[in-house]
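K.L.:
return a 3D structure for these sequence lines:
(one chain, ligands or ions: 1)
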Amino acid sequence: MEFSLADKVAIVTGGSSGIGFCVARELLNNGARGVTIADVNVELGQATLEKLSAEFGSNKCTFCPTDVADFKQFENAFISTLSTFGNIDILINNAGICDDSIWEKEIDVNIKGTINGVLLGLENYIIKNKSGQEGIIINLSSIRGVQPSGDRPVYAATKFAIHGMTLAWGSEDHYSRTNIKVIAVCPGSTSTPLIANPANTNLGQPYEKIRKKNKASSNLSDQTPEQCALLIIDVMKTAKSGTVWIAESAEKYQYIMPSRLDMKTII
Ligand SMILES: NC(=O)c1ccc[n+]([C@@H]2O[C@H](COP(=O)([O-])OP(=O)(O)OC[C@H]3O[C@@H](n4cnc5c(N)ncnc54)[C@H](O)[C@@H]3O)[C@@H](O)[C@H]2O)c1
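P.N.:
All right, here's what the predicted structure looks like:
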């Protein structure tokens, strides 16, 4: 059965910019009761709150300053969402950075931040406070989380980690006890501030050379964050827990990892 977004309450991490902002907007377009923007950028967060309140009404959106890598701050976003809207049904684990030049922070935000969100949502706040039968956690991986590129190995590692944890937490073992779908979306290149200055976000010249070579040989067009958000909304409504979806060039399709046992050769 399709998951209805009507009357649901969501937290969107990194919702002040790019894909996260567009998903927050689409959730409200689809009738969500309330959306909390949980973002580390306070100035942008306040501006986002004003923008969404002007479009959807002042009681539909809140902003909670949050560094997702900090468990306590992330928990505060759940607590404040609950006190404002009374439920929590959806977590969009979207906050991320793509910058191998600060790779320890990249690991903290992308991996630790995503794990913090799943632990808080799955084991505590969504499981206890969803308004309907089912909740949803969407983890933002990347095409680099299914097919790495040599230009940013650490970013690829973080997005593979998100892919892996989604398969594990989205499995029937967990869904059968939580009724919370855990799903990954892997965007392709999407025109947002994240990729606006790629030359300064890797480990130096050899990595930059690889990036330029790969970019020159790609025949796929960049999508807009609005197009990516529509694909994410579609996945939320229809996809099963533990599934992984590519959202690239304004098209989506399921990515299925081969079974290792199918590769086993019996001699
Ligand atoms: N843009 C792309 O081409 C692309 C491709 C694949 C995957 N992704 C993934 O999609 C997600 C969104 O990316 P985007 O392109 O919209 O980026 P963006 O830079 O436009 O937005 C990211 C948002 O996350 C926030 N943020 C950063 N660190 C944070 C933290 N520690 N805590 C809370 N918020 C934080 C930023 O302030 C910003 O508002 C990321 O996880 C990214 O890795 C993007």
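K.L.:
so who does residue 241 touch?
P.N.:
170, 171, 172, 174, 175, 180, 181, 182, 183 (CB atoms under 8 Å, 6 or more residues apart in numbering). For every residue, glycine as well, the C-beta is placed using N, CA and C.
K.L.:
now, among those residues, which is nearest to residue 236?
P.N.:
residue 183 (7.4 Å; CB to CB).
K.L.:
which two of the contacts of residue 241 have the greatest separation?
P.N.:
It's 172 and 183 that sit farthest apart of the contacts of residue 241, by CB to CB, at 13.6 Å.
K.L.:
find the residues that touch each one of the two.
P.N.:
Shared contacts of residue 172 and residue 183, counting by CB under 8 Å, 6+ apart, come down to 241, 242.
K.L.:
between the two, tell me which one has more neighbours.
P.N.:
residue 183 (20 against 10; other CB atoms under 10 Å).
K.L.:
quick check, the helix or strand that one falls within touching the ligand?
P.N.:
Using DSSP states H and E, residue 183 sits in strand 180-187. Yes - Strand 180-187 comes into contact with the ligand (CB under 6 Å from any ligand atom), by way of residue 187.
K.L.:
could we number from 52 for the rest of this?
P.N.:
Yep, numbering from 52; the last one is strand 231-238 now.
K.L.:
okay, helices next: where are they in the stretch 152-301 of the chain?
P.N.:
154-158, 164-171, 177-180, 204-220, 223-229, 256-268, 276-289 (DSSP state H, counting those that start in this stretch).
K.L.:
which one of the ones you listed has the poorest average confidence?
P.N.:
The minimum mean pLDDT among those belongs to helix 256-268 (a mean of 94).
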